[in-house]
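**Student:** all I have is the shape, not the residue letters:
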């Protein structure tokens, strides 16, 4: 089936103006994920934020109870015992100056970057390379830490990073179309609840204005906010 026809077929029966209960939306999105690959299920939040203000530059991590369905490659900047600890925890790439040289040369074959605090003087020089890719280790995200075991296992076990973009949009993959409906719904609730709790002080009025759910190739459905509550 041609891409355009598949998209039109997936949109059949979808009311763009309607706000769907979470369970119904998950079922509809999951059933319409008909691509030849296991589509990612994504949640998009429209927030009452002005990211131009430093205090409203929302960023953090959420641990999804059912994982993301994506296998992340994790790199760790560490030396000595911490490097051995990272390898034992399942890190895919571990190093120090040698790893920095590879990154500087553009050899970036990882999806998450972790560093021990003593490595940040070295890693800081890689900001122009890692920063634009969203890979720069950050204490607020738990990716600058002496506890590399916990950080690696979190990255491998279903932790997702989020960051508010222009117009207050936050988007994240919360599973795969192959997940059960209950697992997807639980992941959506966990993610939206975490964002709600991360509301910056000083925000007036409604914080979460709209939440939508879609698959990689499928239509988006607006969600009833009360149905997402834990």
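**Tutor:** Okay, I see it. Just so we're clear, the structure is a prediction, and the values are computed from it rather than from any experiment. Residues are numbered from 1 along each chain as shown.
**Student:** for stretch 128-148, give me every contacting residue.
**Tutor:** 59-61, 76-78, 82, 85-86, 89, 91, 103-104, 106, 108, 110-117, 120, 123, 126-127, 150-151, 154, 161, 163 (Cβ atoms under 8 Å, 6 or more residues apart in numbering). For every residue, glycine as well, the C-beta is placed using N, CA and C.
**Student:** wait, stretch 217-227
**Tutor:** Residues from elsewhere that reach stretch 217-227, judged by Cβ under 8 Å, 6+ apart: 3, 6-7, 10-11, 14, 16, 18-23, 25, 28-29, 32-35, 39, 44, 188, 208, 210-214.
**Student:** among these, which ones are buried?
**Tutor:** 10, 14, 19-20, 22, 25, 28-29, 32-33, 39, 44, 188, 208, 211-214 (16 or more other Cβ atoms under 10 Å).
**Student:** which stretches of this protein form strands?
**Tutor:** 19-20, 40-47, 59-63, 74-77, 93-95, 112-115, 159-163, 169-176, 208-215, 221-223 (DSSP state E).
**Student:** got the ones you listed as CSV, with mean pLDDT and distance to residue 145 columns?
**Tutor:** What follows is the strands of the chain, written out as CSV (pLDDT from 0 to 100; distance: least, Cβ to Cβ, whole Å):
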stretch, mean pLDDT, distance to residue 145
strand 19-20, 94, 39
strand 40-47, 96, 27
strand 59-63, 93, 12
strand 74-77, 98, 10
strand 93-95, 97, 15
strand 112-115, 97, 7
strand 159-163, 92, 13
strand 169-176, 95, 22
strand 208-215, 96, 29
strand 221-223, 96, 34
